[in-house]
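> Sequence first, predicted coordinates after that:
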Amino acid sequence: MMGLARDTYALYVREMLIFKKNIKTSIARSLIFPLVLILLLGNMGTNVLNLPIAIVNYNNGALANSFINKLEAGRVVSVVSVTNQQNAISMLQNGEVAVVLVIPPNFGAAGANVYMYVDSSSPLASSEALSYIAQQVQSFGASLVRYKVLSPLSLTANYAYGASASYKTFLVAGIVIMVAAFGAMWSGGMTLLMDRQLGNLKAFLAAPINKSSIMLSKLLYGLTQSILSGILALVIGMLDGATIASGFMGILGIIFFMFLSGLGFGALTIILAARINKMEVYSLIGMAITLPLWFLSGAFLPTSTLPNYMQPFSIYNPMTYAVNAVRDIMLKGYISMQAFLFDSLVMASFAIVAFIIGVVMFKNKIG
């Protein structure tokens, strides 16, 4: 065991020295992807246009019609008129609209209320759009009564993910895990493939060292890159306005799930590198694996917004649980012990299975 640890450390130091030699390029590569995604997509929730809402107008008077026209004039919402409240709520639950407004017969009278129903699991109904609606209601002398409606198909029954949350924080939580996974994919396995192409791997295999140390050093290097990339993405997100509701302890929790993600996807890279000889094929297959997993994890939108036939894939996607855990930490400010243990168990199981397969593949195909 001591020999294995010594050889692994020596090879890991070699990888880090190579990284240090190309540190500017490596850091730039780690920064560009999250920077572009956060800056381009992170402001979606603050620039809402034509949010689909259903209005049930039980008044039909001139004042009610003027209210609807004023709502549409700002181009923040797009109004669909519905004859009764039951049909409007069904549209909301089916995801056809993000908000339902019910205008009562006494609209315009003193003390009149306008009733609003919101699917709070959907980030489409952002706080900015709801604030706009509330301002328009108040400008007509009415009060707004709000109800939360959750779609029965929702996999993520979490109000913090929707109208009450910052979409930027919601997005950054997903990007952090994605970048951690990508950091592992494009480091450990990639350097193993490069060593094979350059002939260095043959020299390592002929050297008087424990052959398992070659794989372990690549895995540790990928894990280091994974955590570094994830931390850089988190810093970029926070500089752009994302927040961590649970404070410093939350940062430790986020790094823990970065670690599990990097370990699992780092082991996956060893499996790929053991089977693939060409860099172009490795890159293509790596992207084909990680990008669908990222989209199915709910990185952009809650998994409840996925089509019904995709939701089972999301349930069996390990990245979903890492994203959910980081979102709880960043948006809610806490993660329940039950959720923490379950998410950790899923990610740890994924990492262990990938590691075992990676060891077998490495010994059979390389070692």
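Good, I have the coordinates.
> Tell me where the model's unsure across the stretch 1-150 of the chain.
1, 30, 41-49, 119-128, 148-150 (pLDDT under 70).
> Spell out the residue ranges of the helices in it.
Per DSSP state H, counting those that start in this stretch, the stretch 1-150 of the chain carries helices over the ranges 2-21, 23-41, 62-73, 85-93, 127-139.
> Of these, which is nearest Leu291?
helix 23-41 (11.9 Å; CB to CB). Glycine gets a C-beta too; all of them are placed from N, C-alpha and C.
> List the buried residues of stretch 193-209.
By 16 or more other CB atoms under 10 Å, the buried positions in stretch 193-209 come out as Leu193, Asp195, Arg196, Leu201, Phe204, Ile209.
> how about it as PDB, C-alpha atoms only?
The C-alpha atoms that make up stretch 193-209 are tabulated as PDB, following Å, rounded to 0.1, in the frame of the first residue of the first chain:
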ATOM      1  CA  LEU A 193      -5.000   9.200 -23.900                       C
ATOM      2  CA  MET A 194      -2.200  11.700 -24.600                       C
ATOM      3  CA  ASP A 195       0.300   9.700 -22.800                       C
ATOM      4  CA  ARG A 196      -0.700   6.700 -24.800                       C
ATOM      5  CA  GLN A 197      -0.300   8.600 -28.100                       C
ATOM      6  CA  LEU A 198       3.000  10.100 -27.100                       C
ATOM      7  CA  GLY A 199       4.400   6.800 -25.900                       C
ATOM      8  CA  ASN A 200       4.800   7.900 -22.300                       C
ATOM      9  CA  LEU A 201       2.300   5.200 -21.200                       C
ATOM     10  CA  LYS A 202       4.600   2.400 -22.400                       C
ATOM     11  CA  ALA A 203       7.400   3.900 -20.300                       C
ATOM     12  CA  PHE A 204       5.200   4.000 -17.200                       C
ATOM     13  CA  LEU A 205       4.100   0.400 -17.800                       C
ATOM     14  CA  ALA A 206       7.800  -0.700 -18.100                       C
ATOM     15  CA  ALA A 207       8.900   1.200 -15.000                       C
ATOM     16  CA  PRO A 208       9.200  -0.600 -11.600                       C
ATOM     17  CA  ILE A 209       6.100   1.000 -10.200                       C
END
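> Let me see the mean pLDDT of that stretch.
The average pLDDT within stretch 193-209 is 81.
> Now tabulate the helices of the stretch 1-150 of the chain in TSV and tack on distance to Met310 and mean neighbour count.
TSV is the format used below for the helices of the stretch 1-150 of the chain (distance: least, CB to CB, whole Å; neighbours: other CB atoms under 10 Å):
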stretch	distance to Met310	mean neighbour count
helix 2-21	37	14
helix 23-41	20	15
helix 62-73	33	15
helix 85-93	18	17
helix 127-139	26	17
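> Tell me which of those helices sits nearest to Gly174.
The nearest among the helices of the stretch 1-150 of the chain, by CB to CB, is helix 23-41 at 9.3 Å.
> Tell me which other helices or strands that closest one touches.
helix 167-185, helix 212-239 (3 or more CB pairs under 8 Å, 6 or more residues apart in numbering; DSSP states H and E).
> rank these by pLDDT, which is bottom?
Of all the helices and strands packed on helix 23-41, the minimum mean pLDDT falls on helix 167-185 (a mean of 85).
> Not counting sequence-adjacent ones, nearest residue to Leu219?
Leaving aside its sequence neighbours, Leu219 sits nearest to Gly266 (CB to CB, 6 or more residues apart in numbering; 5.0 Å).
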